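Participant: One predicted model, sequence on top.
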There are 2 protein chains.
Amino acid sequence: MPDTGSHPSLVAVVMAGGRGTRFWPRSRNARPKQFLAIVGTETLLHQTVRRLDGHVSPDRIFVVTTEDLAAETRRMLPELPAENVLVEPEGRNTAPCLALALVEIEKKFPDGVMAVLSADHWIGDRELFLEDLDLAVKHAAEQRELVTFGIKPTYPETGYGYIESEGQGPVLKVKAFREKPPVEVAMQYLESGRHYWNAGMFVWTLADFREGLQLHAPEVLAPLDAWSAAGADPLTLPAAYRQLPRLAIDVALMEKAATVAVVPTRFRWSDVGSWPAAIEFQEADADGNVSQGETLLIDTRNSAFFGGGRLIAASGVEDLIVVDADDALLICHRDKAQTVKQIVERLKAEGREDLL
Amino acid sequence: MPDTGSHPSLVAVVMAGGRGTRFWPRSRNARPKQFLAIVGTETLLHQTVRRLDGHVSPDRIFVVTTEDLAAETRRMLPELPAENVLVEPEGRNTAPCLALALVEIEKKFPDGVMAVLSADHWIGDRELFLEDLDLAVKHAAEQRELVTFGIKPTYPETGYGYIESEGQGPVLKVKAFREKPPVEVAMQYLESGRHYWNAGMFVWTLADFREGLQLHAPEVLAPLDAWSAAGADPLTLPAAYRQLPRLAIDVALMEKAATVAVVPTRFRWSDVGSWPAAIEFQEADADGNVSQGETLLIDTRNSAFFGGGRLIAASGVEDLIVVDADDALLICHRDKAQTVKQIVERLKAEGREDLL
């Protein structure tokens, strides 16, 4: 019998319905970030699932994705039972996604403790991650609180929500969830020592999650319960889904719940939001260059090369990001990675669906 | 009957045995510069031959190349009789190359006037080129002098030989051939108004060329004459060739001949010696960018993109040269194009024959 992790009730739910083109030309409509090996040699989806190897048995790992990505997701994760890849008819943000997971997983593991993970985040230290996860699972199971993970901020990021904590110890009480702050406020958060980035990872018992949704967001749960009671026919799920509000779980539940705990994490984490973020945690050479694939670099500094099957030779350049895809090549200044969005918009305007 | 040019005796000899890897990753051992479309949409070899369209009939155009490039050269020039592609067993510099052309062409066109052209130079103004060519042919045929072309220098280049002229008029007398000068001397040449770049293009009657070689470089001619007298068997040419000195025609003949004339050219010319040179004469956009193939440029200046079948998107970069080949990609600063040589040397040292 495989090692099923430190807590026998643990069930992992990997949210893998993400979209986005910030990693163009690697990311495409049919090839979102979780399918890319942009940090390390494995895709972020693979890394997320394999991080649980030996800790959660495959039948207790669920992945939620959307219709169009389901086949590829199953193909990439042959170790999971095919039915553990849950399919949303459409993406309607995280509250419907997790409510669907609840309704499906309850049938098999009614006493489960559910850990919500993201398929497209990077985590640097597997052992610390598993220890923090176990801590959260234990707290959720024993204290019957909703638990979230808080990432210690390293700079005043204005693009994340923050968690304000109080108290002492390895598990803290959440005083408040704070929305994405202006930079002055973010700097205060950074200095306070009590604020953490909200990474969107959660742990709770299925029972507490159901109770929380019923109390704070019944409109997210009721149509799915009705669908489930009627036989959970996949063909009728789209109709049920259309009744669900587009809502983030933070708004639907976390900000409203009476008691939420936060585990300040010890592992390195990134939501890998852009090409520069994909570089940040990779090993660089003495000149600050990061290479994926074969490179030949002369007098080249502080650059990143995401190669494919071809040699990339560079000479006399610095602060570049180079991404080699089969049908397109991106060369941009490291500080201009946000213009990838413009590039994608122009391709869209020009009808270049083949490149999107 | 086709227009065979302004002078009925004109025979063109295109030297096409050049090697070199300065245009890596486009240029390779089996794909030298003359086979590349690096300026404009046609290869330099095509451009050189097609520049003569309607001016010299195909049966009077000869191309000299080496054994390993002969098949591809014939394939690229289906308009020429196959036997007009003359094959050197090995490259031994320009004097043996042109002596072989002499011996072969004399058989068909004993009264010919031979214009020596390079397959891997770029010439910008076809009509002016043909006018200057006619002028040189007329002078060679009527005055019975060896004629060279002089390119008006535009900067103090130290990598070319210079021709010092005297006199006035459209055809000048050559006072002396000057070797590659140090920069101070090159600046004096530039200011003198009497010095021209030696572009290695010549015009002479076959008879005068034979006489000149017999007088100044008999060792280049005698083995080929003996080979020809013995039946010109291609199988015995390598043995004859091995007897020939490795010698440039400038040294073997031009610098020694008593009277040489120079036609100062009016056409734009480049020997396209490096990637920056390949950019210089191409049409740039308003930001100074040159693109071959499809590009999508945002906030990008003074850069050149030699694309292949893939889109190249660039953002926030300047002064770059990007060359996309099927199996390798080059990204270098515009001022560092000379390091292509280092890249090639490193590939050689690493045994990457597949990329050379």
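Facilitator: Done, it's in. Numbers count the residues shown, from 1 in each chain, chains lettered A, B, ... in the order given.
Participant: CA atoms for contacts and neighbours, from now on please.
Facilitator: Will do.
Participant: residues touching the residue lying closest to residue A:321 once chain neighbours are set aside, list them.
Facilitator: Nearest non-adjacent residue to residue A:321, counting by CA to CA, 6 or more residues apart in numbering or on different chains: residue A:304, 4.8 Å away. Contacts of residue A:304 were listed using CA atoms under 8 Å, 6 or more residues apart in numbering or on different chains, and they are A:279, A:289, A:290, A:291, A:319, A:320, A:321, A:322.
Participant: how near is residue A:304 to chain B?
Facilitator: Separation of residue A:304 from chain B (CA to the nearest CA, to the nearest Å) stands at 12 Å.
Participant: now do residue A:286
Facilitator: 19 Å.
Participant: try residue A:85
Facilitator: With CA to the nearest CA as the criterion, residue A:85 and chain B are 35 Å apart.
Participant: for residue A:51, same thing?
Facilitator: Remark: distance between residue A:51 and chain B (CA to the nearest CA) = 35 Å.
Participant: Could you check how many residues crowd around the residue lying closest to that residue once chain neighbours are set aside?
Facilitator: Leaving aside its sequence neighbours, residue A:51 sits nearest to residue A:126 (CA to CA, 6+ apart; 6.3 Å). Residues contacting residue A:126 under the criterion other CA atoms under 10 Å in any protein chain shown number 16.
Participant: Please state the backbone phi and psi of residue A:126?
Facilitator: phi -60, psi -50 (degrees, to the nearest 10).
Participant: quick one, what contacts the residue in the stretch 101-250 of chain A that chain B sits nearest to?
Facilitator: Relative to chain B, the nearest point of the stretch 101-250 of chain A is residue A:159 (23.1 Å; CA to the nearest CA). Residues counted as contacts of residue A:159 (CA under 8 Å, 6+ apart) are A:180, A:181.
Participant: quick one on the thing from earlier: switch the contacts of residue A:304 over to JSON lines, and while doing so, append pLDDT, secondary structure and neighbour count to every line.
Facilitator: Output for those, formatted as JSON lines (pLDDT from 0 to 100; DSSP: H, G, I helix; E, B strand; the rest coil; neighbours: other CA atoms under 10 Å in any protein chain shown):
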{"residue": "A:279", "pLDDT": "92", "secondary structure": "helix", "neighbour count": "23"}
{"residue": "A:289", "pLDDT": "98", "secondary structure": "coil", "neighbour count": "21"}
{"residue": "A:290", "pLDDT": "96", "secondary structure": "strand", "neighbour count": "22"}
{"residue": "A:291", "pLDDT": "95", "secondary structure": "strand", "neighbour count": "21"}
{"residue": "A:319", "pLDDT": "97", "secondary structure": "coil", "neighbour count": "18"}
{"residue": "A:320", "pLDDT": "98", "secondary structure": "strand", "neighbour count": "25"}
{"residue": "A:321", "pLDDT": "97", "secondary structure": "strand", "neighbour count": "25"}
{"residue": "A:322", "pLDDT": "97", "secondary structure": "strand", "neighbour count": "23"}
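Participant: For my notes, confirm residue A:214 occurs in a strand.
Facilitator: No: if the criterion is DSSP: H, G, I helix; E, B strand; the rest coil, then residue A:214 is helix and not within a strand.
Participant: Next one: it, what pLDDT does it get?
Facilitator: Reading off the confidence values, residue A:214 has pLDDT 98.
Participant: Which of the contacts of residue A:304 sits closest to chain B?
Facilitator: Using CA to the nearest CA, the contacts of residue A:304 come closest to chain B at residue A:320, 8.1 Å.
Participant: The stretch 151-300 of chain A against chain B: which residues are in contact?
Facilitator: Within the stretch 151-300 of chain A, the positions lying close to chain B (CA under 8 Å from any CA of the partner chain) are A:296, A:298.
Participant: Might one say that residue A:34 is in contact with residue A:73?
Facilitator: No: Residue A:34 lies out of contact with residue A:73 (CA atoms under 8 Å); the separation is 9.4 Å.
Participant: If you count surrounding residues, which of these two has more?
Facilitator: Taking other CA under 10 Å, residue A:34 and residue A:73 do not tie; residue A:34 has more neighbours (25 against 22).
Participant: how close does the more buried one get to chain B?
Facilitator: When distance is defined by CA to the nearest CA, residue A:34 is 23 Å away from chain B.
Participant: Equivalent analysis for residue A:267, please.
Facilitator: Residue A:267 is 34 Å from chain B, where distance means CA to the nearest CA.
Participant: Tally up the residues packed near that residue, please.
Facilitator: Counted with other CA under 10 Å, residues neighbouring residue A:267 total 17.
Participant: Where does it sit: helix, strand or coil?
Facilitator: Three-state assignment for residue A:267 (three-state DSSP): coil.
Participant: hey, which helix or strand in chain A has the poorest pLDDT?
Facilitator: Using mean pLDDT, DSSP states H and E, the weakest-scoring helix or strand in chain A turns out to be helix A:275-280, at a mean of 91.
Participant: Nearest residue to residue A:82 in space, please, no chain neighbours.
Facilitator: In space, and not counting its chain neighbours, residue A:82 is closest to residue A:74: 6.2 Å by CA to CA, 6+ apart.
Participant: just checking, the one you found is part of a strand?
Facilitator: No: secondary structure of residue A:74 (three-state DSSP): helix, not part of a strand.
Participant: distance of it from residue A:17?
Facilitator: Look at residue A:74 and residue A:17: by CA to CA, to the nearest Å, they are 13 Å apart.
Participant: Kindly report the same for residue A:170.
Facilitator: According to CA to CA, residue A:170 and residue A:17 sit 31 Å apart.
Participant: So those two - more neighbours on which side?
Facilitator: residue A:17 (28 against 12).
Participant: Find the nearest non-adjacent residue to the more buried one, please.
Facilitator: Setting aside the residues directly before and after it, residue A:17 is nearest to residue A:65 in space (CA to CA, 6+ apart), at 4.1 Å.
Participant: and the one you found, how many neighbours?
Facilitator: Neighbours around residue A:65, by other CA under 10 Å: 24.
Participant: Likewise for residue A:31?
Facilitator: 19.
Participant: Same question for residue A:182.
Facilitator: The local packing of residue A:182 (other CA under 10 Å) involves 12 other residues.
Participant: and if you look at residue A:83?
Facilitator: 11.
Participant: Am I right that the residue nearest to residue A:51 is in contact with residue A:49?
Facilitator: No: assessed by CA under 8 Å, residue A:126 is found out of contact with residue A:49, at 11.5 Å.
Participant: which residues sit in contact with the residue nearest to residue A:82?
Facilitator: By CA under 8 Å, 6+ apart, the contact list for residue A:74 reads A:80, A:82, A:85.
Participant: quick one, what contacts the residue of the stretch 151-300 of chain A found nearest chain B?
Facilitator: Relative to chain B, the nearest point of the stretch 151-300 of chain A is residue A:296 (7.4 Å; CA to the nearest CA). Counting by CA under 8 Å, 6+ apart, residue A:296 makes contact with A:311, A:312, A:313, A:314, B:343.
Participant: And the pLDDT for the closest residue to residue A:79 other than its chain neighbours?
Facilitator: The shortest distance from residue A:79 to any non-neighbouring residue, by CA to CA, 6+ apart, is to residue A:58 (6.6 Å). pLDDT for residue A:58: 96.
Participant: Over to residue A:2?
Facilitator: Per-residue pLDDT puts residue A:2 at 40.
Participant: now the helices for the stretch 101-250 of chain A?
Facilitator: A:126-143, A:183-192, A:206-216, A:218-229, A:237-242, A:249 (DSSP state H, counting those that start in this stretch).
Participant: contacting residues around the strand ranked longest in chain A?
Facilitator: Ranked by residue count under DSSP state E, the longest strand found in chain A is strand A:195-205. Strand A:195-205 has contacts (CA under 8 Å, 6+ apart) with A:111-118, A:136-137, A:140-141, A:144-153, A:160-165, A:189, A:250, A:264, A:271.
Participant: Hey, what's the angle from it to helix A:126-143? Just curious.
Facilitator: When axes from the mean of the first three to the mean of the last three CA atoms, to 10 degrees is applied, the directions of strand A:195-205 and helix A:126-143 differ by 60 degrees.
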